[in-house]
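# Sequence first, predicted coordinates after that:
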Amino acid sequence: MKILYPGTFDPLTNGHLDLIQRAEKLFGNVVVAVLENTNKTPTFDLNKRILQIRTSLSHLSNIEVISYTGLTVDCAKDVKANIILRGLRAMSDFEYELQIAHTNKSLNTEIETIFLSTNTNYSFLSSSLVKEVAKFGGEISHMVPLCVEKDLKEYFN
Ligand code: ADP
């Protein structure tokens with residue numbers, strides 16, 4: 001089964017990585033779809049974010065990394081995935097994620113959204129928090145893959 005995992009991944013964290021690896025075990029094929037959000041200027045450009053994900057997942061063969069713009073349901077349809085995966089870290093994620101899931105359902109009834117709860121070890125992680133720590137020279141090696149750690153150190157140097 002093929003599952004779509006959409007997100008901004010600016011940058012990829014160990015929380016994202018853990019979710020992708022667990023989804024691969026459960027569903028077989030995971031398409032990680034990196035959103036090119038034209039409304040926001042990301043820290044890392046699209047190609048860099050894709051490269052970070054590909055590098056961190058090079059040991060897995062059933063993962064595809066693509067970019068997309070526009071509606072997530074259209075992206076899912078394009079890659080022939082009937083399921084969208086999202087992660088839940090805390091109650092604070094729930095309200096927002098549920099709203100998106102209902103919106104997507106209203107746009108395409110064929111596509112289901114499923115949620116995986118975060119790994120307890122990574123439940124505090126978010127891309128923006130990691131960037132904040134990196135900015136002030138804090139330890140981030142337990143938060144992000146090695147290639148992302150290098151990129152963040154370079155960016156904030
Ligand atoms: P978006 O801008 O679409 O929320 P993110 O890159 O922030 O993109 O997150 C993509 C998905 O990964 C979301 O479903 C989010 O809840 C999930 N996620 C983010 N951080 C973690 C984490 N530490 N553990 C598990 N899932 C996470």
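Okay, I see it.
# Against residue 56, how distant is the closest residue to residue 119 other than its chain neighbours?
Using C-beta to C-beta, 6 or more residues apart in numbering and skipping residues adjacent in sequence, the residue nearest residue 119 is residue 18, 4.6 Å away. Just so you know, the C-beta spots here come from the backbone N, C-alpha and C atoms, and that holds for glycine as well. Per C-beta to C-beta, to the nearest Å, residue 18 is found 11 Å from residue 56.
# Tell me the secondary structure of the residue nearest to residue 119, please.
Of the three states, residue 18 takes helix according to DSSP: H, G, I helix; E, B strand; the rest coil.
# what's it in contact with, if anything?
Contacts here follow C-beta atoms under 8 Å, 6 or more residues apart in numbering; on that basis residue 18 touches 118-119, 121-122.
# try it again with 10 Å
87, 116, 118-119, 121-122, 125 (C-beta atoms under 10 Å, 6 or more residues apart in numbering).
# cool, residue 60 as well?
Residue 60 neighbours (C-beta under 10 Å, 6+ apart): 20-21, 24, 30.
# Tally up the residues packed near the residue of the chain found nearest the ligand, please.
With C-beta to the nearest ligand atom, the shortest gap between the chain and the ligand falls at residue 15, namely 2.0 Å. Residues lying near residue 15 (other C-beta atoms under 10 Å) number 22.
# List the buried residues for the helix or strand harbouring it?
In this structure, residue 15 sits in helix 14-27 according to DSSP states H and E. Across helix 14-27, burial judged by 16 or more other C-beta atoms under 10 Å covers 14-24, 27.
# Pull it out as CSV, backbone CA atoms only.
Output in CSV follows, covering the C-alpha atoms of helix 14-27 (Å, rounded to 0.1, in the frame of the first residue of the first chain):
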residue,chain,number,x,y,z
ASN,A,14,14.2,12.9,14.0
GLY,A,15,10.4,13.0,14.8
HIS,A,16,9.6,13.1,11.1
LEU,A,17,12.2,10.4,10.3
ASP,A,18,10.8,8.1,13.0
LEU,A,19,7.3,8.5,11.6
ILE,A,20,8.4,7.7,8.0
GLN,A,21,10.2,4.6,9.1
ARG,A,22,7.2,3.3,11.1
ALA,A,23,4.9,4.1,8.2
GLU,A,24,7.1,2.2,5.9
LYS,A,25,6.9,-0.9,8.1
LEU,A,26,3.1,-0.6,8.3
PHE,A,27,2.2,0.3,4.7
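# Cool, thanks, talk later.
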